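Q: structure, please.
(one chain, ligands or ions: 1)
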Amino acid sequence: MESLQTPEILDYRNENGQGWSFYKHDGVLRAFHTTPEADMEMIRNVQKIELRDDDVFIAAYPKCGTHWLWEIVTMLRAGNSEYNKKSKDIAMLGKPKFQRADELPSPRVLNSHLYFRQLPEKLVEKRIKTIFIMRNPKDVSVSYFNHAKGLKGIYNFDGTYSEYLDLFLEGKVPGGGYADYVKDWQKVKQDNPDLPILTLFYENLKKDPVKNIKTVAEFIGESVTDELCEQIADACSFKKLKVADAEVKEDLVHPTDMIYRKGEVGDWKNWITVAQNERFDDVIDRNLEGTGIVFTYE
Ligand code: A3P
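A: This is a model prediction of the structure:
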């Protein structure tokens, strides 16, 4: 039974006041924009969502390419390379912008940064096709820092990258620890062999979008032509998606520049010092030991 006690607030801020307040939800560190109670209520509602057999679900830690993949899957589902006028946020579990799930037309491309145990209970039972995308943690940290800093009104963070990095490496950022999230999905895979999960890497999608789009199409059961995959790869290139985001979307939650910032592999080299890089490797190696996950950094 869920505890009715008021959750403990954990205030992780540095001496400059940069950082966040968290509470623990089922072992997961959660930053909250409202109150822990409202956040828990939101998660309870997400868990109760009815799923449909033809739903596709995208799981990603923040800044791993969720928007990009959502556009790709949405086009594959539609069978064309036209931009959807809605943004992925209408189908994002755990976001205030999320429309009532039952009002979203099929086929739905649901997506979320929530942990597996916070997601709809029917995910496994209905064997919902799930795509899990990862990105190298150094680029994630840079992308996330810029996101948080750019959306000051939401994230309330005004520190330097260095200050952000200290928090990121300790998992004290909204979304919790990157390694924890990634390891959790590995465990989900092991514990739920009946749940169809396709794992993708941002860097591979960037290197060979057509090949990866074909893999996604096959996984979600769409028989598509090579030509369509090429068209989707082109329409979803960083440059084109950025323009489309600004010009086509009717319901933008964040300014386009916040989401479509640089879209490259290896931007971390412009941000991370040699000493920070050593510390980064050390922490990541330790936290991901035994997982067999190998990231591409350039
Ligand atoms: P950067 O901040 O490094 O540019 P998310 O959608 O999960 O919030 O991830 C956002 C990151 O994905 C941003 O990274 C963004 O630029 C990148 N991205 C979005 N579309 C992309 C595309 N078509 N190609 C490459 N990167 C893309």
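Q: alpha carbons only for contacts and neighbour counts from here, please
A: Fine.
Q: what is the end-to-end distance of stretch 114-121?
A: Criterion C-alpha to C-alpha, to the nearest Å; first-to-last residue distance in stretch 114-121 is 13 Å.
Q: likewise stretch 46-57?
A: For stretch 46-57, the first-to-last residue distance is 13 Å (C-alpha to C-alpha).
Q: low-confidence stretches in the stretch 1-150 of the chain?
A: For the stretch 1-150 of the chain, the stretches with pLDDT under 70 are 1-4, 96-99.
Q: make it 50
A: The model of the stretch 1-150 of the chain has pLDDT under 50 over residues 1-2.
Q: got the residues of it near the ligand?
A: Listed as neighbours of the ligand in the stretch 1-150 of the chain under the rule C-alpha under 6 Å from any ligand atom: 62-68, 143.
Q: make a ChimeraX selection of the buried ones in the residues you listed.
A: Selection command for ChimeraX covering only the buried members of these, criterion 16 or more other C-alpha atoms under 10 Å:
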select :62,63,64,65,66,67,68,143
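Q: if we take the residues of the stretch 1-150 of the chain next to the ligand, which one ends up nearest to Thr130?
A: Distance to Thr130 across those (C-alpha to C-alpha) is lowest for Thr66, with 12.8 Å.
Q: not counting sequence-adjacent ones, nearest residue to the closest one?
A: Closest residue in space to Thr66, ignoring its immediate chain neighbours: Ala60 at 6.3 Å, by C-alpha to C-alpha, 6 or more residues apart in numbering.
Q: tell me which residues touch that neighbour, please.
A: 66, 111-113, 132-134 (C-alpha atoms under 8 Å, 6 or more residues apart in numbering).
Q: distance of the residue most central in space within the chain relative to Lys149?
A: In the chain, the centroid-proximal residue (C-alpha atoms, centre = their mean) is Ala60; its distance is 3.0 Å. The gap separating Ala60 from Lys149 is 20 Å, by C-alpha to C-alpha.
Q: among the contacts of Ala60, which one sits closest to the ligand?
A: Closest approach between the contacts of Ala60 and the ligand, by C-alpha to the nearest ligand atom: Thr66, at 3.7 Å.
Q: spit out the contact partners of that closest one.
A: Contacts of Thr66 (C-alpha under 8 Å, 6+ apart): 58-60, 111, 133.
Q: ranking the residues you listed by neighbours, who comes first?
A: Using other C-alpha atoms under 10 Å as the neighbour test, these are led by Asn111, with 26 neighbours.
Q: how about it, secondary structure?
A: Using DSSP: H, G, I helix; E, B strand; the rest coil, the structure places Asn111 in strand.
Q: what does Ile213 give?
A: Assignment for Ile213 (three-state DSSP): helix.
Q: so it makes contact with Ala233?
A: Yes: taking contacts as C-alpha atoms under 8 Å, Ile213 lies within contact range of Ala233: 7.3 Å.
Q: shared neighbours of these two, anything?
A: Common neighbours of Ile213 and Ala233 (criterion: C-alpha under 8 Å, 6+ apart): Ile72.
Q: tell me where the stretch 51-200 of the chain has strands.
A: Ranges of strands in the stretch 51-200 of the chain, per DSSP state E, counting those that start in this stretch, are 56-60, 92-93, 109-112, 129-134, 197-201.
Q: would you turn these into TSV with distance to Glu227?
A: As requested, the strands of the stretch 51-200 of the chain are exported to TSV (distance: least, C-alpha to C-alpha, whole Å):
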stretch	distance to Glu227
strand 56-60	23
strand 92-93	29
strand 109-112	22
strand 129-134	23
strand 197-201	22
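Q: circling back to that earlier point, need the max-distance pair from the residues of the stretch 1-150 of the chain next to the ligand.
A: Greatest spatial distance among these (C-alpha to C-alpha): Trp68 and Ser143, at 14.1 Å.
Q: quick check: which element contains Asp257?
A: Element membership of Asp257 [criterion: DSSP states H and E] is helix 256-259.
Q: buried residues, that helix. List them.
A: Neighbour counts over helix 256-259 (16+ other C-alpha under 10 Å) mark 256, 258-259 as buried.
Q: all set now, cheers.
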